[in-house]
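Asker: Can you look at this prediction? I've put the sequence above it.
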Amino acid sequence: MTDRSVSWTDAKSVASLLARVSGTPRAQNASFRPAPAPPAPPPVLVQPKPVEKVVPRIEQTSDNPSDRLDLLVAWTLDNFKCTGAFVADDNGLTLAAHGISEAHVSLVGPLLSALAGVRTIPGIDASSGALFLGANMMSWAEARTERGGFCLGAVGQEPFSTRALEQLKEALEITLQGL
């Protein structure tokens with residue numbers, strides 16, 4: 001058995017432990033160096049949630065079909081992140097376009113024809129969507145009238161959101177009214 005009691009403490013040991021915890025070396029223990037503080041973590045950058053741009057509803061005031069289509073293309077370019085926009089019929093005939101190559105527009109006819117087949121699959125809505133075209137995305141919305149289908153498309157870096165596609169379709173439907 002030891003000659004110390006369980007509650008016995010050594011003053012030098014306690015002082016040494018306290019010095020280590022507080023980070024102050026004791027004069028009696030010159031070789032003691034406190035451990036370097038760990039590096040501070042990098043600051044966390046909090047990105048604010050992007051504010052969704054309010055897109056005004058298109059207002060068609062002209063009865064001229066060409067003016068209405070040109071306004072629709074201009075409205076699309078002004079309100080969405082895209083480098084080009086076009087309107088085409090379901091035969092692939094370009095009715096209006098700006099900032100988009102003829103090669104991109106030439107895809108519209110075959111795309112709309114293919115989508116007619118996709119529409120026969122239950123539960124599939126092929127009236128809007130996005131398609132990779134090399135480094136770009138073509139987003140489109142389609143509206144059907146008694147004269148056939150019409151497509152409003154836009155080419156940009158990213159696909160349009162579901163909300164943006166709904167806005168395109170609504171604008172296309174407003175533009176086609178009465179034509």
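Answerer: Done, it's in.
Asker: Any regions of the protein where pLDDT drops low?
Answerer: Applying pLDDT under 70 to the chain flags residues 1-9, 14, 23-34, 50-52.
Asker: If we use 90, what do you get?
Answerer: 1-54, 88-94, 100-136, 138, 144-149, 151, 178-179 (pLDDT under 90).
Asker: Walk me through the domains of it.
Answerer: 10-37, 65-176 (automatic domain parsing).
Asker: looking at the ones you listed, which is buried most?
Answerer: Burial of the domains of the chain is given as mean neighbour count (mean count of other Cβ atoms under 10 Å); domain 65-176 ranks first at a mean of 17. The way it works is simple: take the backbone N, C-alpha and C, and place the C-beta from them, glycine included.
Asker: which residue sits closest to residue 77 in space, ignoring its chain neighbours?
Answerer: Nearest residue to residue 77, sequence neighbours excluded (Cβ to Cβ, 6 or more residues apart in numbering): residue 85, at 5.3 Å.
Asker: Mind listing the residues bridging to that neighbour?
Answerer: residue 98, residue 154 (DSSP bridges).
Asker: show me the contacts for it.
Answerer: Residues in contact with residue 85 (Cβ atoms under 8 Å, 6 or more residues apart in numbering) are 73, 76, 77, 97, 98, 99, 100, 152, 153, 154, 155.
Asker: Could you verify my assumption that the fourth one touches residue 72?
Answerer: No: in terms of Cβ atoms under 8 Å, residue 97 does not count as a neighbour of residue 72; the distance is 11.0 Å.
Asker: Find the residues that touch each one of the two.
Answerer: Between them, residue 97 and residue 72 have residue 87 as joint contacts when contacts are counted by Cβ under 8 Å, 6+ apart.
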